[in-house]
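1. Got a predicted structure plus its sequence, pasted below:
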There are 2 protein chains.
Amino acid sequence: MADGPTITTIAERAGVSIASVSRVLNGLPTRQETVRKVMAAADELGYVRNAVARSLKSRRTNQIAFAMADVGNPAYLAMLREIQPVLKAAGYRLVLHSTDAVVADEIDVLHSLGERYVDGLIMSPLRVTDAHLEMLAAARAPVVIIGSVPDGTRVDNVRADSRTGVRLAIDHLYALGRRRIAMVNGPLDTVPGAARGAAYREALADLGLPYDENLVQIGDFYRAEGRRAVAELLARAPEVDALMCANDLIALGALDVLREQGRRVPEDVAVVGMDDTDLAAASWPSLTSVSLGSAERGKAAAELLLERLKGDDGEPKRVTVPPRLAIRASTAGPGYEHSLRKEGGA
Amino acid sequence: MADGPTITTIAERAGVSIASVSRVLNGLPTRQETVRKVMAAADELGYVRNAVARSLKSRRTNQIAFAMADVGNPAYLAMLREIQPVLKAAGYRLVLHSTDAVVADEIDVLHSLGERYVDGLIMSPLRVTDAHLEMLAAARAPVVIIGSVPDGTRVDNVRADSRTGVRLAIDHLYALGRRRIAMVNGPLDTVPGAARGAAYREALADLGLPYDENLVQIGDFYRAEGRRAVAELLARAPEVDALMCANDLIALGALDVLREQGRRVPEDVAVVGMDDTDLAAASWPSLTSVSLGSAERGKAAAELLLERLKGDDGEPKRVTVPPRLAIRASTAGPGYEHSLRKEGGA
DNA sequence: CCCCACGCCGTAAACGTTTACAGCAGATCA
DNA sequence: TGATCTGCTGTAAACGTTTACGGCGTGGGG
């Protein structure tokens, strides 16, 4: 692994200056003869351009960071799947960060924006703290947030409408005759947790159903946590006939527990998840789930960022992706699979 | 987004030289008073070190690339989930490449190793061509291959034992009384495709079952392709009583088709997947699958690479991860999943 | 009292590019 | 023939760090 050739090596061998080498390598107008000599030398030496040096001079790295809260969550992976090809097509590499929803790690990522190792950042924070907002305001490269930020925050963001999403799900359960609808949520100090909790309360109120604290269980957005939360909930309120889960992982945990306890889904208890991940369609029974458009959000975020990188420095933009309810067996029974779309969620 | 401060800016404000600033920032021995002045200036200016410039000088980027064949395949994501934290703990960032199994793209990634943008590479190619081997031999940074490479190739590699894996599955199906066991494979010019096809043939022979070309169907490693392949197979050979699928995505496609055609799983047709992804455990019915240890392989690869980066330049290493059969409902029937879970398995 | 050792510090070179600028040869024109 | 232009090319500076080296002031030993 000896030191590779540089443009200086090539210049010597081709008998030209490093400037000429650089010009040839970058396709700038050059005499044919020079081009030939440089190309020949470069080929013989197996030259590969040092991208670090180039970045230092050109102030661009062609790298973009994507910071997700949890690599294990398929919702983020769905975003990743869309982001990757969009950026690749535009000539950018993707640098991945998994912050495990730790605020300090996220701040760290934001901080590292200043290191100039990437040209831009897409971030999907679970919590948005004052520290986040401060760093965002001071960011030295374009950032797109996937998720909601306080009004007035000067940053592009792509948000889901989980409020309408929860509403769709609760209405669906109500229409199926369910009246003891419980909610299994993630932490309330997270953006989605807070939004979904509030939406649940609102939806019940609008349907004239009482809000019962006993029917609300807080856990976390993981499958194991979902199992734990649902077990606790069922012990406290065995009479529930529907579970509104704040994401698919929690819902899968719910299915685990219900199966263990011998409760039939959906006959005894209907279950709804959120995010409509691959796991929902594949689960057993298949899981009715509110799609919050993870894929669309990822794609939109990547496109917004590319706009900025092209030089757009206009007002911050906001894109909202409407939710959609994918109805499957866990509420409608076996064999039932199709989806309802609700247009123009606020 | 004005230009940020550099060590020169700090040096001026603190009234010292840039060398001193650098020393303080790197924690090299310095007079207390100087440290104080530099720190104060850096804080006031909101200085962040330019990592590109640092990399140019230090010849390290603290970045590692992971090139996977398909971001959409949960098997690679399982690797990613293990690789990410290992590298993060060692202070490396992860740069992601999705090559979509296109050979040219993979060669490109290998080539870009020379650009010095990363300190090392983990790659999981589906095909290993001569071009791959050439580039590997010439690589200017450590590489670890997840998958099999020809004997004698001088590169660290972590391989699955899909031969034994297929054997486990076929034996299992045989033990369940299945005798018309078909294989739905991916392309034969891929490393896993070739290995699994050969292993299937061997396993049948060892069990004294005839090898019937009609029972072998070639498709590709995606769900949609799996559906297509299985539909074709069933049309040609409706009498099959078991499907050995070369990965979980194909197997999910198989379940789709069987359900559409009203064939019961596993009563009429038993189905086995490979890779034992999250989708297998979550599918409907849950999918018996051969675990090839994706997670373990990812972890091992990351650890091998870190060894090399620490300076180990000994002989190429090889790690082989043993397969394991995860038995679920798609072969053993519904009750099985339940009892497995109670024993705390899976 | 002189010299040396030692601890800090500043100067300058280096990493490998890109690019502004000036120089130079040949062609064109008056 | 001399001036001007055109098309290439080379020199050198710059990007922001790290670091080898030598200088300088202080304190201690002879």
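-> Structure received. Residues are numbered from 1 along each chain as shown, chains lettered A, B, ... in the order given.
2. can we go C-alpha only for contacts and neighbour counts from here?
-> OK.
3. Close to chain B: what parts of the stretch 1-150 of chain A are there?
-> Applying C-alpha under 8 Å from any C-alpha of the partner chain, we find that the stretch 1-150 of chain A lies next to chain B at A:1-2, A:48-53, A:55-56, A:71-72, A:81, A:84, A:93-98, A:111-112, A:114-117, A:139-141.
4. mind listing what the residue most central in space within chain A touches?
-> By C-alpha atoms, centre = their mean, chain A has its centre lying nearest to residue A:76, at 4.0 Å. Going by C-alpha atoms under 8 Å, 6 or more residues apart in numbering or on different chains, residue A:76 touches A:68-70, A:294.
5. Quick check: the residue of the stretch 101-250 of chain A nearest DNA strand D.
-> Residue nearest to DNA strand D within the stretch 101-250 of chain A (C-alpha to the nearest atom of the strand): residue A:115, separated by 7.9 Å.
6. Kindly apply the preceding question to the stretch 51-200 of chain A instead.
-> For the stretch 51-200 of chain A, C-alpha to the nearest atom of the strand, closest residue to DNA strand D: residue A:57, 3.5 Å.
7. What are the neighbouring residues in contact with that residue?
-> Residue A:57 sits in contact with no residue, where contact means C-alpha under 8 Å, 6+ apart.
8. ditto for residue A:68
-> Applying C-alpha under 8 Å, 6+ apart, the residues near residue A:68 are A:76, A:96-101, A:123-125.
9. Apply 7 Å and report the result again.
-> For residue A:68, the contact set (C-alpha atoms under 7 Å, 6 or more residues apart in numbering or on different chains) comprises A:76, A:97-99, A:123-125.
10. now it: how far from residue A:96?
-> Here the criterion is C-alpha to C-alpha, to the nearest Å. By it, residue A:68 lies 8 Å from residue A:96.
11. now residue A:258
-> Counting by C-alpha to C-alpha, the gap from residue A:258 to residue A:96 is 36 Å.
12. CA atoms only for stretch A:66-75, dumped as PDB, please.
-> Taking Å, rounded to 0.1, in the frame of the first residue of the first chain, the C-alpha atoms of stretch A:66-75 are listed here in PDB:
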ATOM      1  CA  PHE A  66     -28.600  11.600   7.300                       C
ATOM      2  CA  ALA A  67     -29.100  11.400  11.000                       C
ATOM      3  CA  MET A  68     -31.800   9.000  12.100                       C
ATOM      4  CA  ALA A  69     -33.100   8.300  15.600                       C
ATOM      5  CA  ASP A  70     -32.900   4.600  15.300                       C
ATOM      6  CA  VAL A  71     -31.400   2.400  12.600                       C
ATOM      7  CA  GLY A  72     -33.500  -0.400  13.800                       C
ATOM      8  CA  ASN A  73     -36.800   1.300  13.000                       C
ATOM      9  CA  PRO A  74     -38.100   0.400   9.600                       C
ATOM     10  CA  ALA A  75     -39.700   3.800   9.300                       C
END
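13. Now a PyMOL select for only the buried ones of the residues of the stretch 1-150 of chain A next to chain B.
-> Those of the residues of the stretch 1-150 of chain A next to chain B that count as buried under 16 or more other C-alpha atoms under 10 Å in any protein chain shown are selected in PyMOL with:
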select buried, chain A and resi 48+49+50+51+52+53+55+56+71+72+81+84+93+94+95+96+97+98+111+112+114+115+116+117+139+140+141
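14. beta partners of the nearest residue to residue A:124 once chain neighbours are set aside?
-> Nearest residue to residue A:124 in three dimensions, chain neighbours excluded: residue A:146, at 4.7 Å (C-alpha to C-alpha, 6 or more residues apart in numbering or on different chains). With DSSP bridges applied, residue A:146 shows beta-bridge pairing to residue A:158.
15. export the contacts of residue A:76 to CSV and tack on pLDDT?
-> Formatted as CSV, those follow (pLDDT from 0 to 100):
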residue, pLDDT
A:68, 93
A:69, 90
A:70, 86
A:294, 97
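16. Just give me the closest of these to DNA strand C.
-> Closest to DNA strand C, out of all of the contacts of residue A:76 and judged by C-alpha to the nearest atom of the strand, is residue A:68, at 32.1 Å.
17. Can you report phi and psi for the closest one?
-> Torsion angles at residue A:68 (phi, psi; degrees, to the nearest 10) stand at phi -110, psi 160.
18. quick one: terminal-to-terminal distance for stretch A:117-137?
-> Start-to-end, stretch A:117-137 (C-alpha to C-alpha) is 19 Å.
19. List the buried residues for that stretch?
-> Those would be A:117-128, A:132-133, A:135-136, for stretch A:117-137 by 16+ other C-alpha under 10 Å.
20. Ok, stretch A:163-176 next?
-> Buried, per 16+ other C-alpha under 10 Å, within stretch A:163-176: A:163-174.
21. And for stretch A:198-208?
-> A:199-204.
22. what's the answer for stretch A:57-68, then?
-> A:60-68.
23. isn't there a helix covering residue A:70?
-> No: applying DSSP: H, G, I helix; E, B strand; the rest coil, one finds residue A:70 to be coil, outside a helix.
24. Leaving out the residues flanking it, which one is nearest to it?
-> Using C-alpha to C-alpha, 6+ apart, the closest residue to residue A:70 is residue A:100 (4.9 Å).
25. mind checking the SS state of that neighbour?
-> Per three-state DSSP, residue A:100 ends up coil.
26. Then residue A:95?
-> Under three-state DSSP, residue A:95 comes out as strand.
27. which ones are touching it?
-> A:63-66, B:94-96.
28. now residue A:5
-> A:45, A:47.
29. how near is it to residue A:45?
-> With C-alpha to C-alpha as the criterion, residue A:5 and residue A:45 are 7 Å apart.
30. cool, residue A:88 as well?
-> For residue A:88 relative to residue A:45 (C-alpha to C-alpha), the value is 28 Å.
31. still on that earlier bit, possible to save the contacts of residue A:68 as CSV with distance to DNA strand D?
-> Putting the contacts of residue A:68 into CSV (distance: C-alpha to the nearest atom of the strand, whole Å) gives the following:
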residue, distance to DNA strand D
A:76, 33
A:97, 23
A:98, 25
A:99, 25
A:123, 24
A:124, 28
A:125, 28
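32. Out of the residues you listed, which comes closest to residue A:288?
-> Nearest to residue A:288 out of the contacts of residue A:68 is residue A:76 (C-alpha to C-alpha; 19.1 Å).
33. Wasn't the closest one part of a strand?
-> No: counting by three-state DSSP, residue A:76 is not part of a strand but helix.
34. on that earlier part again, what's the farthest-apart pair in the buried residues of stretch A:198-208?
-> For those, the maximum inter-member distance is 8.5 Å, found between A:199 and A:204 (C-alpha to C-alpha).
35. does residue A:40 sit in a helix, a strand or a coil?
-> helix.
36. What does the pLDDT read for it?
-> Here, the pLDDT recorded for residue A:40 equals 96.
37. same check, this time on residue A:282
-> Model confidence at residue A:282, expressed as pLDDT, equals 88.
38. Measure how buried it is and give me the count.
-> The tally of other residues near residue A:282 (other C-alpha atoms under 10 Å in any protein chain shown) stands at 22.
39. Isn't it up against residue B:281?
-> No: counting by C-alpha atoms under 7 Å, residue A:282 does not reach residue B:281; the two are 9.0 Å apart.
40. Please enumerate the helices of the stretch 101-250 of chain A.
-> Taking DSSP state H, counting those that start in this stretch as the test, the helices found in the stretch 101-250 of chain A are A:103-112, A:130-138, A:162-175, A:191-206, A:223-236, A:248-260.
41. For DNA strand C, find the nearest of those helices.
-> Comparing the helices of the stretch 101-250 of chain A by C-alpha to the nearest atom of the strand, helix A:103-112 comes nearest, at 20.2 Å.
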